[in-house]
Structure formats: structure tokens, C-alpha cells
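J.: Test case, fold it:
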Amino acid sequence: MNLVLDAESLYLELLRGVRGLCGPDSHLVGITSGGAWLVERLHKDMGLGGSYGTISSSMHRDDFAKRGLAAGGQTKLPFAVQGAHIVVLDDVLFTGRTIRAVMNELFDYGRPASVKLAVLVDRGGRELPIQADFAAARVSLEPTQSLALAREANGGFSFDVKGA
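T.: Numbering: from 1, shown residues only. Below is the predicted model:
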């Protein structure tokens, strides 16, 4: 089976969904790297003032010893997390382990009033009881397959599907 996903169409659906999740005092935070690409573009397309954050799961991953630190994926939260309403963005939700690690990282900076999760694609296969508040698409893939967001030179998005 050849899976074809139109990342640009899904991005427009994500934009609609994130608008619905955000309140007037919400902060957008993207998970490095795909979520960071999404939050950068969403922040611009939504015409939001202020700044957005990026967050890394590296330090809190349960497989840190094997993976190590991701290049260029440092946490930057240019607002007070304590009491904030935060919308976390990621490209692909799979096992839930990255989201668990991101939540630990986020709470290292303070205790938010609320955290919502929006993703471009939910591919199922959860290992932890985590779900997105909004998913632009839900797809089924074999556990051996991977799905990754790619950002093109013009800022457009596409997907890379690998595996059998």
C-alpha cells in the first residue's frame, strides 16, 4: 500500500483546528523539529503578536542513552509557563512517548494552567494514555513504517513515509 498524504491540505486543517483551541491568552509551543516548523508558520498565518516557543523532548526521553541530544532542538519558552494556557504542536503522534517527555520538560519551567495538544497526523499505536485535542488526520500505518514531516526550501510541507 502506498500512503499519500497532502501535507499542505492537512496544514490548512491544522490551522483551523488550532484557531479553535486557542484563547486570547494562549501560547503556541512546537516540539522540535516538525512541531517547531508548524508553530513558526501557524504563528505567522494566525497573525499572532508576541512570540511562540519550541520545546525539546531530548532530556526526558526514556531512550535518552540511545538517542542523545537532538541537534538544534533546544527548548526556548519566551514567556512565563506558570499559569499559562499552552497549545503544544507536533507533526506526528504515535506512541505518546515524545509527548510524555515534552510534558516533563514543560513542567520543569512551571505549572501551566492548561495544556492542549494539536497534531498534523495521529497514526495510532499508542503505548501511553495520551491523545490529541485536535488531529488534522488519522491514519493507520504498520509499526515498521515511519512518517515524518519535511519542510521544503519554500517553507511548504510534505511527508516522508518509510518502511514496509
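
J.: all strands for this protein, in order.
T.: 26-31, 53-55, 85-93, 114-122, 134-138, 146-151, 157-162 (DSSP state E).

J.: and the last one, which residues are buried?
T.: Read that as strand 157-162. 157, 159 (16 or more other CB atoms under 10 Å). Placement of C-beta: from N, CA and C, glycine included.

J.: what angle do that strand and strand 146-151 make?
T.: 150 degrees (axes from the mean of the first three to the mean of the last three CA atoms, to 10 degrees).

J.: quick thing: my sequence starts at 704, can you match it?
T.: Done: numbering now begins at 704, and the last item shifts to strand 860-865.

J.: ok so, going back, quick one: closest of the strands of the chain to L780.
T.: strand 756-758 (4.2 Å; CB to CB).

J.: what about that closest one, average pLDDT?
T.: The average pLDDT for strand 756-758 rounds to 97.

J.: which outside residues touch it?
T.: Identification of contacts with strand 756-758 by CB atoms under 8 Å, 6 or more residues apart in numbering yields 730-735, 738-739, 742, 776-782, 791, 805, 808-809.

J.: let's see it at 7 Å
T.: If you take CB atoms under 7 Å, 6 or more residues apart in numbering as the criterion, strand 756-758 is touched by 730, 732-735, 739, 742, 778-782, 805, 808-809.

J.: burial of D794, as a residue count?
T.: D794 sits with 25 neighbouring residues when counted by other CB atoms under 10 Å.

J.: Pipe the strands of the chain into a markdown table and attach distance to G750 per row.
T.: Formatted as a markdown table, the strands of the chain follow (distance: least, CB to CB, whole Å):
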| stretch | distance to G750 |
| --- | --- |
| strand 729-734 | 12 |
| strand 756-758 | 18 |
| strand 788-796 | 16 |
| strand 817-825 | 18 |
| strand 837-841 | 19 |
| strand 849-854 | 21 |
| strand 860-865 | 20 |
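
J.: No further queries at this time; thank you.
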